[in-house]
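> need coordinates for the following:
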Amino acid sequence: MERSQLAERILQHVGGEKNVVSLIHCMTRLRFTLRDSGKVNERELRVLPGVLGSTDNGGQYQVIIGNDVPKVYQEVVKLLPAQGASQASGGADEPKKKMNVLMRMVNVLSSAMAPIVPALAGAGILKVIISLLVLTGVLTAEDRVYYFLSFFADAVFYFLPFMLALSSANKFKVNPYLALAIAGIMLHPKWIELVTANEPVALLGVPVTLINYSSTVIPIIVVVWLMSYVERFAERVSPGVIKVFFKPLVVIIVMAPVALLAVGPLGYHLGNGLAVGIYFIQEKVGWLALAILSGFKPLLVMTGMHWAFTPAIITSIATYGYDGLMAVSSLSAIFSLTGACFAVAIKTRDKSMRQIAISSGTTALLSGVTEPAIYGVVFRLKRPMIASIIAGLIAGVFAGIVKLKIFAMVSPSLLKLPSFVSDLYPGNFLNAVITASIALVASFILTFVLGFKDESVSEVQPSGAEVTGENGSNAPGADAGPAALSVLSKQQLPVFSPLRGEAVDLSKVDDNVFADELMGKGIAVIPAEGRLVSPVGGTVTTLTKSKHAISVTSDEGVEVLMHIGVDTVRLKGQFFENLVEAGDRVEVGDPLIEFSIEDIRAAGFDVITPIIITNTADYLDVIGGGNRDVQPGDQLIAVLQPHSNILNRAGGDLR
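Residues are numbered from 1 along each chain as shown. Now for the predicted structure:
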């Protein structure tokens, strides 16, 4: 399915553009804020080709796409109302959702942190490269290149409050430039001078707590949250004639002292307290805590709770130079998921699942992105998830015993293993390799031992298999009778006849493009009546100017092309009448085109009508029942779903 079509289907199944308040994306997910989550058609959404799963967490409805999410996001944004980017980043009337305090915090943190993760990851990898260059003797701390590279990497962390001010402004619907202005006050050189001097100072008679807010997370988020109330108040009290400058003046005059006197220090101590608490746990019972986190990290990712620990990771790295708990736990989790995926790829008999498992496992292994593995493979098949959790626990125990540390804000993976390199801890990198190996190998073996429910490809009649015809004899799949089609009902997406007439094999069409199945598999109908109706419930996606061909995409994503006659484009619309337009919603049996069989034949054209599944490659097989008379509404074609979709529809996804 094309990304534009996938975007249309996703938007349709989340309740349409009017149901979308805001949209952002992270590494693998589209994150919708919806007016009414009850309008989501979750069942149909999850079976869309290109969608790995979905979940409603932290006040956001999340659609898991995988590595292709940025491009799908751009296509969805194009379909949102005219305000475009502003709609994507936040609307003015976000609904109030009933969430407990913890889930509200997770929602805020995920919204604020997700957009800046790429910058943090890039800076973290640059720090890793600098460490490797120093360890290998290519650079020394006195080199000018080292000097420049160091502040290149440090800049992202130092000015972190600026980036968080921008993303928090989008979350809380405040003027982003005013949010940046307050962040600038908290990082201004004159403020840093006061902090460096460390001499008692007061503002409005109130003692000021001197804190360097560079690299902090919580203070600016809390400040922007409070600023949202101040800005709304200033909007109400500002006279219209002077609002353009009076409103921002009120915001700055109120928020600057509040930020420096109260909110900033409170947020700073909260963040530091969290980091100190995690450090204490790591030192005292690190092996147990790390084992639990390593084993159950995939479940935290699924619920979105992993975002709650991000401030602690950043603060820990900024304070101690490393993280030894939260980010480290990701190493065991990621490699255990990788091992489970590769075991599934080898053990499964389902070609579709094998492809998904290889792709998801490779993505986790190389980039550290785990959502495709979690939603597309292990959680769907259940037992591989158990294997992954056990392997993560085992690897986590080892990592806790050796006090493994990570020195960059990255999601650990094979390509990012150097983030465990440090000249201060010579054995740390080797311990990271051992931890990753334990997780991967243990999960691989356990997945094989525990097994998983896997359907044989032959059970769903793959291409070339034989099916039993209506008369009891064996016939090729392309000539399956209606009885054979009904046998496949649990695995198929039905396509009904759009015409009254005789169904025949595509080889009967005097056009090699159709006869050789170059556009996809299907069947042809020799019409006995000049009325074409919709074969599926869905949307009209294409309608030619010459009116002789039309394409309808079903709600499940099956793309059905109906081409009335051979070479009838030369008639330039003569003898055809369109009854619908592109974009119209249609149900099975709704009239699409009326045409004159007699006039078309009199003009020298064959009226045989190919019905083609143009996205055949997205499915296990397309089986047509030919050599019989059909009526509109008779099942004509069975489109066999990939096994992942079948499992999903059958409740294979436990959420």
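> endpoints of stretch 548-568, how far apart?
7 Å (C-alpha to C-alpha, to the nearest Å).
> count the neighbours of I611 for me.
25 (other C-beta atoms under 10 Å). (C-beta placed from N, C-alpha, C; glycine too.)
> hang on, it in a strand?
Yes. Under DSSP: H, G, I helix; E, B strand; the rest coil, I611 falls within a strand.
> verify the stated contact: it with V504.
No. Assessed by C-beta atoms under 8 Å, I611 is found out of contact with V504, at 11.0 Å.
> any shared contact partners between those two?
Here I611 and V504 have 523-525 as joint contacts, going by C-beta atoms under 8 Å, 6 or more residues apart in numbering.
> okay, and which of those map to strands?
Among the shared contacts of I611 and V504, DSSP state E puts 523-525 in strands.
> any chance of the residues you listed in JSON lines, plus neighbour count and pLDDT?
Output for those, formatted as JSON lines (neighbours: other C-beta atoms under 10 Å; pLDDT from 0 to 100):
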{"residue": "I523", "neighbour count": "28", "pLDDT": "92"}
{"residue": "A524", "neighbour count": "27", "pLDDT": "93"}
{"residue": "V525", "neighbour count": "25", "pLDDT": "94"}
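> kindly reformat those as TSV containing distance to N19.
Below are these laid out as TSV (distance: C-beta to C-beta, whole Å):
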residue	distance to N19
I523	38
A524	40
V525	38
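> and which of those is nearest V533?
Each of these was checked against V533 using C-beta to C-beta; the closest is V525, at 11.6 Å.
> from N627, how far off is that closest one?
12 Å (C-beta to C-beta, to the nearest Å).
> list residues touching both of the two?
By C-beta under 8 Å, 6+ apart, the residues touching both V525 and N627 are 503-504.
> got a list of what V222 touches?
Applying C-beta under 8 Å, 6+ apart, the residues near V222 are 263, 266-267.
> for stretch 358-375, buried residues please.
Neighbour-count burial for stretch 358-375, counted by 16 or more other C-beta atoms under 10 Å, picks out 358-365, 367-375.
> ends of that stretch, how far apart?
14 Å.
> off-centre distance for it?
Here stretch 358-375 is found 12 Å from its chain centre; the criterion is C-alpha atoms, centre = their mean, to the nearest Å.
> which other residues reach that stretch?
27-29, 52-53, 64, 66-67, 298, 301-302, 330, 333-335, 337-338, 340-342, 345, 356, 376-377, 385, 410-416, 653.
> among those, name the buried ones.
27-29, 52-53, 64, 66, 298, 301-302, 330, 333-335, 337-338, 340-342, 345, 356, 376-377, 385, 410-414, 416, 653.
> can you list the low-confidence ranges for the stretch 551-655 of the chain?
When residues are selected by pLDDT under 70, those of the stretch 551-655 of the chain lie in 620, 625-626, 641-655.
> helices along that one, start to end?
When secondary structure is read from DSSP state H, counting those that start in this stretch, the stretch 551-655 of the chain shows helices at 597-602, 643-649.
> ok, now the stretch 351-500 of the chain?
Secondary structure of the stretch 351-500 of the chain (DSSP H, counting those that start in this stretch): helices located at 351-367, 371-373, 379-381, 383-401, 428-450, 482-487.
> for T33, give its distance to A179.
T33 is 19 Å from A179, by C-beta to C-beta.
> neighbour count for the two, which is higher?
Taking other C-beta under 10 Å, T33 and A179 do not tie; A179 has more neighbours (28 against 22).
> mind checking the SS state of that one?
Applying three-state DSSP to A179 yields a three-state assignment of helix.
> tell me which residues of stretch 526-545 are tucked away?
526-527, 530-541, 543-544.
> how far does that stretch stretch from one end to the other?
When the termini of stretch 526-545 are compared using C-alpha to C-alpha, they are 23 Å apart.
> next one: stretch 239-247
This stretch, stretch 239-247, spans 9 Å end to end (C-alpha to C-alpha).
> what comes up buried for it?
K247.
> ok, stretch 37-48 next?
Buried residues in stretch 37-48, counted by 16+ other C-beta under 10 Å: 37, 40, 42, 44-48.
> okay, how far is it across it, tip to tip?
Length of stretch 37-48, first residue to last, C-alpha to C-alpha: 18 Å.
> please apply the same query to stretch 565-576.
11 Å.
> other residues contacting that stretch?
For stretch 565-576, the surrounding residues in contact (C-beta under 8 Å, 6+ apart) are 509-511, 544-549, 564, 593-596, 599-600, 603, 605-609.
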